[in-house]
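Novice: prediction below, plus the sequence it came from.
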Amino acid sequence: MPVAAARPLRLQGLVPGTVVSGVERLAGRPVVLVRCRSGSRGGALSGVAGRNLASAATEACDLGLPLVVVVASGGADVVEGIAALHGWGVAAAAVARCSGRVPVLMAVTGPVVSGPALLLGLADVVCLAEGATAYVSGPAMVEEMTGTRLSPGELGGTDVHARHSGVAALTAPGEDAALEALGEVLAYLPDSCDSLPPEGPVDDHARRLCPLLRTVLPATPNGAYDVRTVATEVADAGSFLELWAGWAPNLVVGLCTLEGHPVGVVANQPQALAGTLDIPASQKGARFVDLCDSCNVPLLTLVDTPGFFPGKDLEWRGMIRHGGQLAFTYARASVPRVSVILRKAYGGAYIVMDCRSMGNDLAFAWPSAEIAVMGARGAVEILHRRSSPEERAAAEAAYAADLLTPYVAAERGYVDQVVDPADTRTIVCDAFRTLRSKHDPLAPRKHDSMPC
């Protein structure tokens with residue numbers, strides 16, 4: 001939906017310059033819309049432009065309105081020198097102060113270089129238009145320092161940020177389409193942390209059965225399936241909007257509605273890396289859980305993971321720290337949280353995917369759920385390593401029958417109910433309806449210290 005004409009409210013940037021801003025409507029919602037115009041000195045940010053951007057960000061906080069930035073910038077204005085750097089620093093500080101107070105959405109419509117590129121890392125959701133690029137150090141500097149010659153697109157193009165860096169939650173053909181995509185995201189988010197997300201139309205019955213979910217799991221325990229089928233079946237018809245689809249595909253995150261109320265979905269994806277968690281997936285999940293919690297959006301977690309992906313490379317790069325990020329964000333989230341265990345839920349990955357001990361409100365499981373430290377084969381290899389093949393096969397069958405069922409967890413209170421897959425939507429809708437009055441204030445403190 002194209003944005004309407006600007007309706008200024010203490011409008012910044014009334015004189016010609018790189019940055020102009022005002023209150024406009026995006027997808028029917030008032031927002032503080034900032035445009036960093038590339039036509040003026042290549043979009044270079046002068047000291048004045050940086051202060052204008054900072055003023056717009058402050059205005060968004062004061063008004064309790066989302067901040068939407070359309071950006072294409074060649075970096076800090078070389079002519080101004082330190083004054084331009086100071087202006088960029090003022091802008092970055094103001095945008096950072098918006099975090100957790102109002103949604104910050106950015107559309108990249110051209111080259112974004114150096115300091116202004118770092119602003120993208122401060123946004124909640126970024127959409128890159130086709131042909132746009134973003135990088136901190138350009139191709140010339142990369143070649144000089146490393147000897148590697150890259151085009152701007154190879155270094156920081158749309159595909160790079162959608163698939164590898166995780167900067168782009170969405171991509172679009174052009175500026176209008178990018179703003180329309182951000183408007184779709186905004187439909188699930190509140191104006192500020194002091195309000196609830198907007199309710200959408202209720203055009204799908206809460207008690208709609210989902211018989212497809214009885215057959216979605218493959219016959220073989222290691223078979224793959226698309227968990228997005230589960231998410232779309234449970235959500236209101238046509239409401240599921242996936243974010244960061246190309247990055248860390250072993251974890252699916254997105255927004256949907258249940259009975260018209262926005263909900264965030266986090267789900268393991270067995271189609272990629274068997275649904276295991278690695279560093280990008282942990283970062284993706286932590287970022288999304290944090291976004292939902294700060295925007296008062298409840299969380300639905302769909303669990304099917306055999307554990308963390310093993311490997312020296314992951315361990316050396318900080319699997320412990322990044323896995324801790326996902327556990328940390330779930331543990332501190334105060335929004336209503338519901339989990340459904342679909343199939344595998346093993347070891348530490350089960351814990352960090354919002355299990356009962358992490359503080360979720362309601363936990364459900366399908367009869368196919370396997371909740372354990374590890375699978376039957378791995379357990380038998382540890383417990384019966386000296387047994388004969390026949391004895392190990394019998395032990396494996398006994399382990400699966402006795403322990404790899406959700407009923408053991410249900411008996412001990414770790415699962416609230418084992419549900420028929422076809423009833424999943426009904427059960428989840430009832431759960432979130434019950435939890436709408438939840439109020440869980442955090443203990444006063446300056447701030448927490450999330451691992452990074």
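Specialist: Cool, got the structure.
Novice: so which elements touch the one helix or strand residue 22 maps to?
Specialist: Assessed by DSSP states H and E, residue 22 sits inside strand 19-26. Judged by 3 or more CB pairs under 8 Å, 6 or more residues apart in numbering; DSSP states H and E, strand 19-26 is in contact with strand 29-36, helix 47-63, helix 175-186. Bear in mind the C-beta positions are built from the backbone N, C-alpha and C, glycine included.
Novice: just send those back as TSV, with mean neighbour count and mean pLDDT too.
Specialist: Output for the helices and strands packed on strand 19-26, formatted as TSV (neighbours: other CB atoms under 10 Å; pLDDT from 0 to 100):
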stretch	mean neighbour count	mean pLDDT
strand 29-36	24	94
helix 47-63	23	91
helix 175-186	20	97
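Novice: now do the phi/psi pair for the spatially closest residue to residue 197 that is not a sequence neighbour.
Specialist: Take residue 197 and drop its neighbours on the chain: the residue closest to it by CB to CB, 6 or more residues apart in numbering is residue 262, 4.1 Å away. Torsion angles at residue 262 (phi, psi; degrees, to the nearest 10) stand at phi -60, psi 140.
Novice: for the stretch 151-300 of the chain, give me the ranges with low pLDDT.
Specialist: For the stretch 151-300 of the chain, no stretch has pLDDT under 70.
Novice: mind running it again at 90?
Specialist: 200-201, 203, 220-222 (pLDDT under 90).
Novice: same deal with the stretch 351-452 of the chain?
Specialist: For the stretch 351-452 of the chain, the ranges with pLDDT under 90 are 371-409, 411-412, 437-452.
Novice: what helix or strand does the residue nearest to residue 117 when sequence neighbours are not counted sit in?
Specialist: Closest residue in space to residue 117, ignoring its immediate chain neighbours: residue 134 at 4.7 Å, by CB to CB, 6+ apart. Secondary-structure element containing residue 134, defined by DSSP H and E: strand 133-135.
Novice: now that strand, how far from the centre of its chain.
Specialist: The chain centre lies 21 Å from the centre of strand 133-135; the measure is CA atoms, centre = their mean, to the nearest Å.
Novice: check which residues of the next helix or strand after that strand are buried.
Specialist: Sequence-wise, the next helix or strand downstream of strand 133-135 (DSSP H and E) is helix 139-146. Within helix 139-146, the residues scored as buried using 16 or more other CB atoms under 10 Å are 139, 142.
Novice: show me which positions of the helix or strand just after helix 139-146 end up buried.
Specialist: Next in sequence after helix 139-146, counting helices and strands by DSSP H and E, comes helix 152-156. Using 16+ other CB under 10 Å as the test for burial, helix 152-156 gives 152, 155, 156.
Novice: mind listing the strands for the stretch 251-400 of the chain?
Specialist: 251-258, 261-268, 299-305, 337-346, 362-365, 370-372 (DSSP state E, counting those that start in this stretch).
Novice: now these as JSON lines including mean neighbour count and distance to residue 408?
Specialist: Formatted as JSON lines, the strands of the stretch 251-400 of the chain follow (neighbours: other CB atoms under 10 Å; distance: least, CB to CB, whole Å):
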{"stretch": "strand 251-258", "mean neighbour count": "26", "distance to residue 408": "26"}
{"stretch": "strand 261-268", "mean neighbour count": "26", "distance to residue 408": "21"}
{"stretch": "strand 299-305", "mean neighbour count": "25", "distance to residue 408": "16"}
{"stretch": "strand 337-346", "mean neighbour count": "26", "distance to residue 408": "12"}
{"stretch": "strand 362-365", "mean neighbour count": "24", "distance to residue 408": "11"}
{"stretch": "strand 370-372", "mean neighbour count": "22", "distance to residue 408": "7"}
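Novice: could I get those as JSON lines with distance to residue 201?
Specialist: As requested, these are arranged in JSON lines below (distance: least, CB to CB, whole Å):
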{"stretch": "strand 251-258", "distance to residue 201": "9"}
{"stretch": "strand 261-268", "distance to residue 201": "11"}
{"stretch": "strand 299-305", "distance to residue 201": "20"}
{"stretch": "strand 337-346", "distance to residue 201": "22"}
{"stretch": "strand 362-365", "distance to residue 201": "26"}
{"stretch": "strand 370-372", "distance to residue 201": "37"}
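Novice: so which of these is nearest residue 282?
Specialist: With CB to CB as the measure, strand 251-258 is the member of the strands of the stretch 251-400 of the chain nearest residue 282 (8.1 Å).
Novice: contacts made by the closest one with the rest, please.
Specialist: Residues from elsewhere that reach strand 251-258 (CB atoms under 8 Å, 6 or more residues apart in numbering): 185, 188, 200, 206, 227-228, 231-232, 234-236, 239-245, 262-269, 277, 281, 284-285, 288, 297, 300, 425, 428-429, 432.
Novice: which ones are touching the residue nearest the centre of the chain?
Specialist: In the chain, the residue lying closest to the centroid (CA atoms, centre = their mean) is residue 288, at 2.7 Å. Listed by CB under 8 Å, 6+ apart, the contact partners of residue 288 are 243, 244, 253, 264, 266.
Novice: which pair in those has the greatest spatial separation?
Specialist: Using CB to CB, the contacts of residue 288 span at most 12.3 Å, a distance reached by 244 and 264.
Novice: thought residue 173 was touching residue 130?
Specialist: Yes. Judged on CB atoms under 8 Å, residue 173 makes contact with residue 130 at a distance of 5.1 Å.
Novice: out of these two, which sits in the busier spot?
Specialist: A count of neighbours by other CB atoms under 10 Å puts residue 130 above the other of residue 173 and residue 130, at 14 against 11.
Novice: against residue 327, how distant is the more buried one?
Specialist: 37 Å (CB to CB, to the nearest Å).
Novice: how does the chain divide into domains?
Specialist: 19-186, 211-369+405-437 (automatic domain parsing).
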